[in-house]
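Participant: Build me a model:
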Amino acid sequence: MHDYIKERTLKLGEYIVETRNTVRTIAREFGVSKSTVHKDLTERLPEINVELANQVKEILEYHKSIRHLRGGEATKLKYNRDGGEGEPVEVGQLASKKFVEHRGFSSPLWKS
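Facilitator: Okay, the predicted model is just below:
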């Protein structure tokens, strides 16, 4: 393994322990891909520093355990933002509006 890779791996490991940032954020800040960050932290770091690798592993497992919550929050924010004029909109409410607009009352099923 090249020295610059070892140095980067150690810097990434120390940084994630200090900041508890996500892999995506760290990749952006270090100017490398998410795949590189993940490979450095999960495969290369245990070969270099086992103790640091265990700390990083706990953080990555925590991020993995809450990712469904982060995704749900992002979706909620997206639909609230698209609700128009700053009014909060329920996620289901927006979906219902789109369904009614799409189906409308012109469908033969809705005519009386």
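Participant: Can you spell out which helices and strands pack onto the strand or helix carrying residue 10?
Facilitator: Element membership for residue 10 (DSSP states H and E) is helix 3-19. Taking 3 or more C-beta pairs under 8 Å, 6 or more residues apart in numbering; DSSP states H and E as contact, the helices and strands that helix 3-19 lies on are helix 23-30, helix 45-48, helix 50-81. (C-beta placed from N, C-alpha, C; glycine too.)
Participant: Show me how far it is from its chain's centre.
Facilitator: Between the centre of helix 3-19 and the centre of its chain there are 21 Å (C-alpha atoms, centre = their mean, to the nearest Å).
Participant: residues in contact with it?
Facilitator: Outside helix 3-19, the residues within contact range by C-beta atoms under 8 Å, 6 or more residues apart in numbering are 21, 26, 29-30, 32, 37, 40-41, 44-45, 48-49, 52-53, 55-56, 59-60.
Participant: May I see the PyMOL selection of the buried members of those residues?
Facilitator: Restricted to the buried members of the contacts of helix 3-19, where burial is judged by 16 or more other C-beta atoms under 10 Å, the PyMOL selection command reads as follows:
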select buried, resi 26+37+40+41+44+45+48+49+52+53+56+59+60
